[in-house]
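Student: next input, structure requested:
(6 chains)
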Protein chains: 4
Amino acid sequence: MAGRKSEPAVALSRGHKKRSRTRTQLLDAATRMYSRGDSSEVSLAGLAEEANLANGTVYNYFRSREEVMEATGVDLADRFSDKVAAAYAKLDNGAQRVAIGMRWFVRHGQEDPVWGRAVARISGTAKAMKSILANYIRTDLRLGRKQGHFTFDDEDVALDLCLATVLAAVRTSTEGPFISDHPEKCAEMVLRALGVGPSQSKRFAHMPLPSLNEPVDDAKTGIAKRKQAPLAQKART
Amino acid sequence: MAGRKSEPAVALSRGHKKRSRTRTQLLDAATRMYSRGDSSEVSLAGLAEEANLANGTVYNYFRSREEVMEATGVDLADRFSDKVAAAYAKLDNGAQRVAIGMRWFVRHGQEDPVWGRAVARISGTAKAMKSILANYIRTDLRLGRKQGHFTFDDEDVALDLCLATVLAAVRTSTEGPFISDHPEKCAEMVLRALGVGPSQSKRFAHMPLPSLNEPVDDAKTGIAKRKQAPLAQKART
Amino acid sequence: MAGRKSEPAVALSRGHKKRSRTRTQLLDAATRMYSRGDSSEVSLAGLAEEANLANGTVYNYFRSREEVMEATGVDLADRFSDKVAAAYAKLDNGAQRVAIGMRWFVRHGQEDPVWGRAVARISGTAKAMKSILANYIRTDLRLGRKQGHFTFDDEDVALDLCLATVLAAVRTSTEGPFISDHPEKCAEMVLRALGVGPSQSKRFAHMPLPSLNEPVDDAKTGIAKRKQAPLAQKART
Amino acid sequence: MAGRKSEPAVALSRGHKKRSRTRTQLLDAATRMYSRGDSSEVSLAGLAEEANLANGTVYNYFRSREEVMEATGVDLADRFSDKVAAAYAKLDNGAQRVAIGMRWFVRHGQEDPVWGRAVARISGTAKAMKSILANYIRTDLRLGRKQGHFTFDDEDVALDLCLATVLAAVRTSTEGPFISDHPEKCAEMVLRALGVGPSQSKRFAHMPLPSLNEPVDDAKTGIAKRKQAPLAQKART
DNA sequence: AATGAATGAGGCTTCATTCAT
DNA sequence: GATGAATGAAGCCTCATTCAT
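Tutor: The predicted structure follows:
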């Protein structure tokens, strides 16, 4: 997995700032709602209320419930990416990257259960979110395979296993009873599935997690940055 | 995984037959609808139309949309169970059972895409279905561990990996591009994750699938049968 | 113009009767609303209230505002047709039929201003109504032309003149100041436009209006009956 | 019908020019919108977009949708008036003026279908437009009657016939199939209705149309100019 | 049991209008 | 004057649910 920046480089005009702020208000409200219940239960009316905005304001930003969910999914993925980018940038071992990414993902869900529950709840339907996450994983799968760590037959099958497992782990860790070292156990099993030997799997899955507070150098993350959607874009255009 | 029978042993009265037939009509209709779209889009009105029944008739069988989905999920799980029970009854090797179960599951989704898509679509919300499937898997995980095939640390984490991976595989194989030997590749990776060695994982995942046409002996499946919901029970009582 | 029957020949089942009654309730309410204001101000919510029915009931009968207006237009045209069918059946002189038809039309608007205002208000947009009325007029224009009473060049232009003039007359007589013998003056001018000589135009336009109470013989009206829309047809089917 | 000038005689300040330009932008946009659909579908938001102006700007010029429509109607009438004023000023025969006016009106709709469709669509609701047009017609009806060309009984009935017929002709000629010499056939029938003899009706309706390029002398049009609404008047004042 | 008309709560969506910039 | 984000009232529409037949 690799770092991504969600802040545009150029300064925004005042109008843009306002727009951006309202959009954030909406996405945060949506995250809280998804976190509480099923994505199908989120109504745009309810969203407006949760965000302390008028009913019609939502339509300045999103055309439909679907669009809200997709945007929220992207936002959720970005929030995770931003967090781990720093720690992530320093690793060039594919197997370690997979292990670290998974551990941070599950751990993030534990530290921020609102995020975790929201991710778990919409993971079945939010295409864009899944595709962002898949993009990270796929990169590392290829890297690890080229480096000889992985021996799986089919990249798509491996991707399914990684993504489904880590999402299930987040769900379980926010809903179910506590599992000690959940992130590590999850990563360890996945590494084994990918073809890493048992002892090395255990070792990679228990490496100390790098601090998240160091500066990020995007050039090293090895993943092309997703193009940022222009903030000022009007929903109905 | 182990066999289960959904047909009650005793003969039903004529009234029961009629009730049962209408109920089946509804569950089949629901399966088709879930197969077509997201579970949140299934309305009881639409369900009645799909089943060629009147609007109000649905309420003789289900109290709410939620209940329809749960019942459909159970029905979907049962349809799979019925299918594999025979082949499954003869195996007493936990690792092989896991492999065979996964392969049949994914294969079933390929042979009956309506079933596959429906399972994939509601797997996120149908608690009962997941719990039935989990029950099968958990039994085999314990069996395989006791037999020394598996070396995973935590049963719940392993269960998450197995269930999430197999559901993702069904989804991918009904939605995405064709992957040759998808069931086998999936099973192989899961066995590795559970601690089976690489070569043995490959072997177990490619054993010939036993025929499904032989008689079933429930006593051998090793799994307690789920209590059958009484058919004549009226929804609103 | 010629008689049409809006009652289907066969007896209706009880369900059909109920449906038919509710539909009539809605059409009457719509007529009153159109009569009061601009057609664009008629909301389906308002319609439901005017008809003393629940909001959603409207949608069992009409899919949209447009459909309500069209159905109301057809109903308005039918109400006029039913009224004049008797008197009209006995005339075989095209020019006289035109004159009588126009006079009854304008007079009907005077006697039933709710009908008149509704007709005037929706005449610009209700395609079906216009086409029903046009059908009557066109028949008589052809008849009168074949009989040598009319000498107009183009049937479509003549039709425009007749229809537009009679609708304007209804509007004026329900909105504007009273004009004595409005129906007759209107008919007289139209006959002249169609090529009837001045004195004959005056005579035709002032013939005694036949009573409306005599039995109707549809076979003599000379106009093919419009196919009755099946009453039990569900709006959303 | 008679000429009217919509340009004030005095030069406008720069502010006035800007205001006038924006107002024109709005009226042209409104005309295009009315031309495309039913007048009830024109929203002020859509109008702003069509005019390439911001949402709020509309409120600097019009207080409501109603006001937009009325202003547009007046503008449409003026555009016609300006066009025919020259040709019209030279005629002092009431019957010929009616014929010429009608022919130019229908022809204008054919030459500028956007204008034609807009006129047809709003003719049912735009009071001011109808009253401007009625004013022209009424003048000529009186003139022709005084000159002995017309023999109708009631001026209001005659006015209804003339106005309704010519508007219907414009609508038909923009919506329906082509009718050769539509303007002339229309004028001929109307003249007959007003009491002009058949052969003279034909002759008047087929006189060569005077050129529109000659200078106008308002004093000869015989119609009092409508007072021009002051351009700089702010809508919300 | 089955039917389907009626209900009305609740979500969706538009849009006239305001107002700070 | 122009802009466009925000507002909230009002209309549109669906659909779970009831109930008389």
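Student: can we go C-alpha only for contacts and neighbour counts from here?
Tutor: OK.
Student: whichever helix in chain A runs longest near DNA strand E at all?
Tutor: Ranked by number of residues, the top helix in chain A under DSSP state H is helix A:65-89. Yes. Helix A:65-89 lies within reach of DNA strand E by CA under 7 Å from any atom of the strand, at residue A:65.
Student: next SSE after that helix?
Tutor: As assigned by DSSP states H and E, the chain's next helix or strand after helix A:65-89 is helix A:94-111.
Student: what lies in contact with that next one?
Tutor: Residues from elsewhere that reach helix A:94-111 (CA atoms under 8 Å, 6 or more residues apart in numbering or on different chains): A:1, A:80, A:84, A:88, A:91, A:115-117, A:137, A:140-145, A:147, A:149-150, A:166, A:169-170, A:173-174, A:182-184, A:186-188, A:191, A:196, A:204-205, A:209.
Student: which residues does the helix or strand just after it contact?
Tutor: Sequence-wise, the next helix or strand downstream of helix A:94-111 (DSSP H and E) is helix A:113-122. Residues from elsewhere that reach helix A:113-122, judged by CA under 8 Å, 6+ apart: A:31-39, A:69, A:73, A:76, A:106, A:108-110, A:167-168, A:170-171, A:174-175, B:124.
Student: that older thread, from the contacts of helix A:94-111, which would you call buried?
Tutor: A:1, A:80, A:84, A:88, A:91, A:115-117, A:137, A:140-145, A:149-150, A:166, A:169-170, A:173-174, A:182-184, A:186-188, A:191, A:196, A:204-205 (16 or more other CA atoms under 10 Å in any protein chain shown).
Student: please list the residues of chain A that sit near chain B.
Tutor: When proximity is defined by CA under 8 Å from any CA of the partner chain, chain A lies next to chain B at A:40, A:121, A:124, A:152-154, A:157-158, A:160-161, A:164-165, A:168-169, A:182, A:185-186, A:189-195, A:198.
Student: buried members of the residues you listed into PyMOL, please.
Tutor: Restricted to buried positions by 16+ other CA under 10 Å, the PyMOL selection for the residues of chain A next to chain B reads:
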select buried, chain A and resi 40+121+124+152+157+158+160+161+164+165+168+169+182+185+186+189+190+191+192+193+194+195+198
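Student: still on that earlier bit, the longest helix of chain A - contacts with which helices or strands?
Tutor: Helices and strands touching helix A:65-89, by 3 or more CA pairs under 8 Å, 6 or more residues apart in numbering or on different chains; DSSP states H and E, are helix A:14-36, helix A:94-111, helix A:113-122, helix A:127-146.
Student: export the shortest one as PDB, just CAs?
Tutor: Meaning helix A:113-122. Taking C-alpha atoms only, helix A:113-122 is exported to PDB below (Å, rounded to 0.1, in the frame of the first residue of the first chain):
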ATOM      1  CA  PRO A 113     -14.400   2.300  15.200                       C
ATOM      2  CA  VAL A 114     -16.600   4.800  13.300                       C
ATOM      3  CA  TRP A 115     -14.300   4.500  10.400                       C
ATOM      4  CA  GLY A 116     -14.100   0.700  10.800                       C
ATOM      5  CA  ARG A 117     -17.800   0.100  10.900                       C
ATOM      6  CA  ALA A 118     -18.400   2.500   8.000                       C
ATOM      7  CA  VAL A 119     -15.800   0.700   5.900                       C
ATOM      8  CA  ALA A 120     -17.200  -2.700   6.800                       C
ATOM      9  CA  ARG A 121     -20.800  -1.700   6.100                       C
ATOM     10  CA  ILE A 122     -20.300  -0.200   2.700                       C
END
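Student: what's the angle from that helix to helix A:94-111?
Tutor: 110 degrees (axes from the mean of the first three to the mean of the last three CA atoms, to 10 degrees).
Student: and the residue nearest the centre of chain A, what does it touch?
Tutor: What sits nearest the mean C-alpha location of chain A, by CA atoms, centre = their mean, is residue A:77, with 2.8 Å. Residues near residue A:77 by CA under 8 Å, 6+ apart: A:129, A:132-133.
Student: can you list the residues of chain A near DNA strand E?
Tutor: Close to DNA strand E, as judged by CA under 7 Å from any atom of the strand, chain A has residues A:14, A:42-46, A:55-57, A:59, A:63-65.
Student: ok, now with 6 Å
Tutor: Residues of chain A lying close to DNA strand E by CA under 6 Å from any atom of the strand are A:43-45, A:55-56, A:59, A:64-65.
Student: dump those into JSON lines; add neighbour count and pLDDT as well.
Tutor: Formatted as JSON lines, the residues of chain A next to DNA strand E follow (neighbours: other CA atoms under 10 Å in any protein chain shown; pLDDT from 0 to 100):
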{"residue": "A:43", "neighbour count": "15", "pLDDT": "91"}
{"residue": "A:44", "neighbour count": "20", "pLDDT": "93"}
{"residue": "A:45", "neighbour count": "14", "pLDDT": "92"}
{"residue": "A:55", "neighbour count": "14", "pLDDT": "94"}
{"residue": "A:56", "neighbour count": "11", "pLDDT": "94"}
{"residue": "A:59", "neighbour count": "15", "pLDDT": "94"}
{"residue": "A:64", "neighbour count": "13", "pLDDT": "87"}
{"residue": "A:65", "neighbour count": "16", "pLDDT": "88"}
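Student: those: which ones sit near DNA strand F?
Tutor: A:55-56.
Student: dump the residues of chain A next to DNA strand E to a markdown table, plus secondary structure and distance to residue C:25.
Tutor: Below are these laid out as a markdown table (DSSP: H, G, I helix; E, B strand; the rest coil; distance: CA to CA, whole Å):
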| residue | secondary structure | distance to residue C:25 |
| --- | --- | --- |
| A:43 | coil | 34 |
| A:44 | helix | 35 |
| A:45 | helix | 34 |
| A:55 | helix | 34 |
| A:56 | helix | 35 |
| A:59 | helix | 37 |
| A:64 | coil | 36 |
| A:65 | helix | 37 |
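Student: closest to residue A:21 among the residues of chain A next to DNA strand E?
Tutor: Of all those, residue A:21 sits closest to residue A:59, with 15.2 Å by CA to CA.
Student: so that closest one versus residue A:65, what's the distance?
Tutor: To residue A:65, residue A:59 is 10 Å away according to CA to CA, to the nearest Å.
Student: what's the answer for residue A:77, then?
Tutor: Using CA to CA, we find residue A:77 at a distance of 18 Å from residue A:65.
Student: got it, and residue A:120?
Tutor: 18 Å.
Student: closest one of the contacts of residue A:77 to residue B:51?
Tutor: Within the contacts of residue A:77, proximity to residue B:51 (CA to CA) peaks at residue A:129, which comes in at 35.0 Å.
Student: so the closest one sits against residue A:79, correct?
Tutor: No. Counting by CA atoms under 8 Å, residue A:79 is not a contact partner of residue A:129; they are 11.3 Å apart.
Student: pick out whichever of the two has more residues nearby.
Tutor: The neighbour count for residue A:129 versus residue A:79, taken as other CA atoms under 10 Å in any protein chain shown, is higher for residue A:129 (24 against 16).
Student: give the contact list for the closest residue to residue A:51 other than its chain neighbours.
Tutor: Leaving aside its chain neighbours, residue A:51 sits nearest to residue A:29 (5.2 Å; criterion: CA to CA, 6 or more residues apart in numbering or on different chains). Listed by CA under 8 Å, 6+ apart, the contact set of residue A:29 reads A:47, A:50-51.
Student: out of those residues, who's nearest chain C?
Tutor: Chain C has its nearest neighbour among those in residue A:47, at 25.1 Å by CA to the nearest CA.
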